[in-house]
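In: Generate a structure from the sequence data that follows.
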Amino acid sequence: MIGRKLWSSLAIATAALGALGVAKPAAAADYSNSNPEMGVMLSSIEDDTDTNNSTWELNTKPGKVLHGAVSVQNTSNESAKYTVSFEQARTNSQMNIMYSNGGTNKSLDPNMKLSKIAKVDGKDSATITVPANSTTALPVTLTMPAKEFDGHILGSVVVTKQVPKGYKVKDGFTNQFMYTKTVQITESIVNPTAVLTNTKKGGVKVVAGQQEFQLRIKNNEPSYIGNMKMSAKITYKKTGDVVLTDKQTGRSVAPNSSFTYRLPSERVMRAGKYHYVVTMTNEKTKKSWTFSNDFVVSQASATSVGIGRSIAFIPTWIWQLLALFLVLIGFLFFLLWKRRKDEDDEDEANAK
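Out: Next up, the predicted model:
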């Protein structure tokens, strides 16, 4: 009888755990997850050297006011809202030029801020509703600083498609589409050359349970690097063993921007002293910058990451088996207790 109860209980526990193992969270409501159904066009504008109007590459003069337009095309069968703005170029941690607010560093001349020069319909940004299968144009104005500047102002017209109500899910993810059109402004024929600097030595930080080498780099010049290659090597000083390497090509750096180069470690870096050498080269000018220094990985950092990564690398099915084992042990203890209680009750009945 007890054996039959045990197997019945085990079957229930196994079924419950099996359901737990295959259960998946409800998916967030996606919006246009395969087709943005939109387009962006730039009008012709004075002083533009790009005759195709696919971008605005302006070679202009101080104090000049330029007028143009950004057209937003909605190819869907429903009306849609779009936000149009100008954003300054920045450099992300993958060493790619991106366009978002707040991406520059303090070296940028305030007069060269795109947010100060460019206006959309008289404002920093504008939101419009475009009817289905229609195109709407927004006027833009670019007012050059009164004083001539050296270098490049690099940014983009950014058009973001707003997500309709009803598609945003709490704690979920919703696709949102964005178009960018590059805007580059120069005045001086002689432009400064980008210079990469580092004022704080690199080191290892723990990010999401994984060690990651980080090195902060700045370009304080109003000039960009369009094609950069880089290499990195990190060695354990005690033995000279190479523990991390990296090589990348086709990277880019925006004017007056700062970024953090990141190199995750696939294995746990033990406590001790390390040495890094990071070299970045402008492929156009062949100018190179090499950053090297020592850094220390603490015992506490190495130990905590080692334990965390060991746990993280345990497959899910092992956790499921462990959970099943604990459930079975719990049921066995319950059945043993129940059996002992029944025997005690039976002994008491016989004694009477």
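In: so where's the stretch 51-200 of the chain uncertain?
Out: Along the stretch 51-200 of the chain, the model assigns pLDDT under 70 to residues 53, 101-103, 166-175, 190.
In: quick one: the strands in it?
Out: For the stretch 51-200 of the chain, the strands defined by DSSP state E, counting those that start in this stretch cover 56-59, 65-74, 80-91, 97-99, 118-120, 125-130, 134-143, 153-161, 178-186, 196-197.
In: can you tell which of those is closest to residue 253?
Out: Proximity to residue 253, assessed across the strands of the stretch 51-200 of the chain by C-beta to C-beta, is greatest for strand 80-91 (5.1 Å). Backbone N, C-alpha and C define where each C-beta goes, glycine included.
In: List the neighbouring strands of that closest one plus their orientation.
Out: Sheet partners assigned to strand 80-91 using DSSP bridges are listed as strand 97-99 (antiparallel), strand 125-130 (antiparallel), strand 153-161 (antiparallel).
In: what sits up against the second one?
Out: This points to strand 125-130. 72-74, 79-85, 120, 136, 138, 162 (C-beta atoms under 8 Å, 6 or more residues apart in numbering).
In: Let's see that with 10 Å instead.
Out: By C-beta atoms under 10 Å, 6 or more residues apart in numbering, the residues outside strand 125-130 that reach it are 38, 70-76, 79-87, 101, 115, 119-121, 136-140, 158-162.
In: Likewise for the shortest one?
Out: Contact with strand 97-99 is made by 85-92, 103, 114, 154-158, 178, 180-183, 224-226, 251-255, 257, 259, as judged by C-beta under 10 Å, 6+ apart.
In: Just list whatever residues bridge to the closest residue to residue 249 other than its chain neighbours.
Out: The shortest distance from residue 249 to any non-neighbouring residue, by C-beta to C-beta, 6 or more residues apart in numbering, is to residue 229 (4.5 Å). Beta-bridge partners recorded for residue 229 (DSSP bridges): residue 281.
In: Tell me, how many residues neighbour residue 229?
Out: Per other C-beta atoms under 10 Å, the neighbour tally for residue 229 reads 16.
In: pLDDT at it, what is it?
Out: At residue 229 the predicted local distance difference test score is 97.
In: and what of residue 21?
Out: pLDDT, residue 21: 35.
In: what about the helices in this protein?
Out: Along the chain, the segments classed as helices by DSSP state H run 2-22, 114-117, 299-312, 316-351.
In: can you pull the contacts of residue 43?
Out: Counting by C-beta under 10 Å, 6+ apart, residue 43 makes contact with 53, 56, 67, 68, 69, 70, 71, 137, 139, 140.
In: Please apply the same query to residue 341.
Out: Shown in contact with residue 341 (C-beta under 10 Å, 6+ apart): no residues.
In: And the protein, what are its domain boundaries?
Out: In terms of domains, the chain is parsed into 38-186, 196-311 (source: automatic domain parsing).
In: would CSV of these with distance to residue 325 be doable?
Out: As requested, the domains of the chain are arranged in CSV below (distance: least, C-beta to C-beta, whole Å):
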stretch, distance to residue 325
domain 38-186, 32
domain 196-311, 17
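In: With respect to residue 340, which of those domains lies nearest?
Out: Across these, closest to residue 340 is domain 196-311 (C-beta to C-beta), at 37.1 Å.
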